[in-house]
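In: After the sequence you'll find the predicted model.
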Amino acid sequence: MTRKIISAGLLGAVVLMAWTLLVNGLFGFQARIDMKQIAAEEEVYQTLKTHITEPGRYACNPPLTAENRFPDGQPAFSIFYSGISHDQAGREALVGLFVFLITPLIGAWLLSQTSERILSSYFRKVLFFTGIGLLFAFYADLTRFGVGGYPARDAMLYFVYHVAAWTLVGVSVAWRLKPVRVGVAGR
């Protein structure tokens, strides 16, 4: 059974990588959300480079009113600086590869620990992974909405993207991870 779990998890990882390459690489999904261009990019870049020297997440709010409140209708900005430059992006790719490999393996193992009722139904196995996707998406994507976060539309797009990804992982893992028949002689 361990070999089946590993092969199912690795198949799920391949599907997750293919989905990510297709949607992000070919259609530019993530780039359209996370990498919008600024008209005065050079000027903004130089200002950020001068004033933000430590990695972290920064807020840039409008000046407070005389009542010591933020003015209504004025934008609030978030700035993220990871401390990593483009020439160091290889480390980021290695971490991403590890996550893409390990999460479907964990999911396949979790699925293997469920009841015979779930394991005996292709639909239920896929639904199990859809549930994992829903958990991740509710926790990670919908909580990124708000002041200093993503607009509601972008948070919802990420939500749908991740649920779809985990459903596809479930389709592949469910196909590969078939239940072990207990007590059948000669098999």
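Out: Thanks, I have the structure now.
In: distance of the closest residue in space to Ile84 that isn't next to it in sequence from Phe98?
Out: Of all residues not flanking Ile84 in the chain, Glu92 sits nearest, at 6.3 Å (C-beta to C-beta, 6 or more residues apart in numbering). In this view, the C-beta of every residue, glycine as well, is placed from N, C-alpha and C. Per C-beta to C-beta, to the nearest Å, Glu92 is found 11 Å from Phe98.
In: coming back round to it: the residue nearest to Ile84 is in what secondary structure piece?
Out: Using DSSP states H and E, Glu92 sits within helix 89-112.
In: need the helices for the chain, in chain order.
Out: Shown for the chain, the helices assigned by DSSP state H span residues 2-20, 29-34, 41-51, 89-112, 116-119, 122-136, 152-176.
In: To Pro62, which of those helices lies closest?
Out: helix 41-51 (16.5 Å; C-beta to C-beta).
In: if we can go back for a sec, elements contacting the helix holding Glu92?
Out: Using 3 or more C-beta pairs under 8 Å, 6 or more residues apart in numbering; DSSP states H and E, the elements in contact with helix 89-112 are helix 2-20, helix 116-119, helix 122-136, helix 152-176.
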